[in-house]
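Asks: need a 3D model of the following:
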Amino acid sequence: MYTTTLCFLLKKDKILLGMKKTGFGQGKYNGFGGKIKEGETVLQATVRELEEESGIQVEEKQLEYAGKLDFIFPASPQLRHDVHIFQVRIWQGEPVETEEMKPQWFSQSDIPYDEMWQDDIYWLPAVLAGKTIEGTVIFAENNEDVAEVNFI
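Replies: Numbers count the residues shown, from 1 in each chain. This next block holds a predicted model:
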């Protein structure tokens with residue numbers, strides 16, 4: 001198992017998502033984040049990944065902790081990871097397309113859940129409502145469908 005970060009930028013009633021252009025999750029909208037490098041803290045990794053994937057710069061103190069999820073892929077155990085989720089309302093710069101992500105603003109009432117990981121519909125609304133979440137998501141054999149979601 002490895003540890004990752006995920007960050008969502010919020011502006012009034014809008015959320016910034018990125019269309020993943022390469023690698024794990026390609027073709028899906030998601031927040032911005034990734035693996036923690038050796039020697040990094042979760043906060044340092046969140047700041048770095050956000051800038052690498054969107055051009056946005058934030059300070060650690062601007063990150064709002066929103067929860068932690070454990071993603072389990074029984075058919076592919078090497079994909080198991082836990083993710084620390086953050087929201088940001090204050091940042092520097094404007095989102096730009098990068099090699100990995102194409103950012104796009106969406107109204108929170110029009111989030112494209114059908115173009116995201118299937119589990120997002122279960123927990124993202126709670127995060128956007130200001131709740132801190134913790135739980136486990138178990139994916140089906142195809143590594144796409146959600147088999148089970150548990151919140152603590």
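Asks: contacts, neighbours, all on C-alpha from now
Replies: Will do.
Asks: thought Asp145 was touching Phe139?
Replies: Yes. Judged on CA atoms under 8 Å, Asp145 makes contact with Phe139 at a distance of 5.7 Å.
Asks: okay, those two: which has more neighbours?
Replies: Phe139 (22 against 13; other CA atoms under 10 Å).
Asks: tell me the contacts of the more buried one?
Replies: Each residue near Phe139 by CA atoms under 8 Å, 6 or more residues apart in numbering is listed here: 71-74, 145-148.
Asks: restricted to helices, list those residues.
Replies: Assignment to helices by DSSP state H places none of the contacts of Phe139 there.
Asks: can you redo the residues you listed as TSV with distance to Leu10 and pLDDT?
Replies: Formatted as TSV, the contacts of Phe139 follow (distance: CA to CA, whole Å; pLDDT from 0 to 100):
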residue	distance to Leu10	pLDDT
Phe71	24	97
Ile72	28	97
Phe73	29	97
Pro74	33	96
Asp145	27	95
Val146	26	97
Ala147	29	96
Glu148	28	95
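Asks: next up, phi/psi of Gln78, please.
Replies: Main-chain torsions, Gln78, degrees, to the nearest 10: phi -70, psi -20.
Asks: quick one, what contacts it?
Replies: Met1.
Asks: ok, it to Tyr2 distance?
Replies: Applying CA to CA, to the nearest Å, the value for Gln78 to Tyr2 is 9 Å.
Asks: returning to that earlier point: can you pick the most crowded of the contacts of Phe139?
Replies: Top of the contacts of Phe139 by neighbour count (other CA under 10 Å): Ile72, with 23 neighbours.
Asks: residues near the residue nearest to Val47 when sequence neighbours are not counted, how many?
Replies: Distances taken as CA to CA, 6 or more residues apart in numbering put Val58 closest to Val47, at 6.1 Å, once the chain neighbours are dropped. By other CA under 10 Å, 19 other residues sit near Val58.
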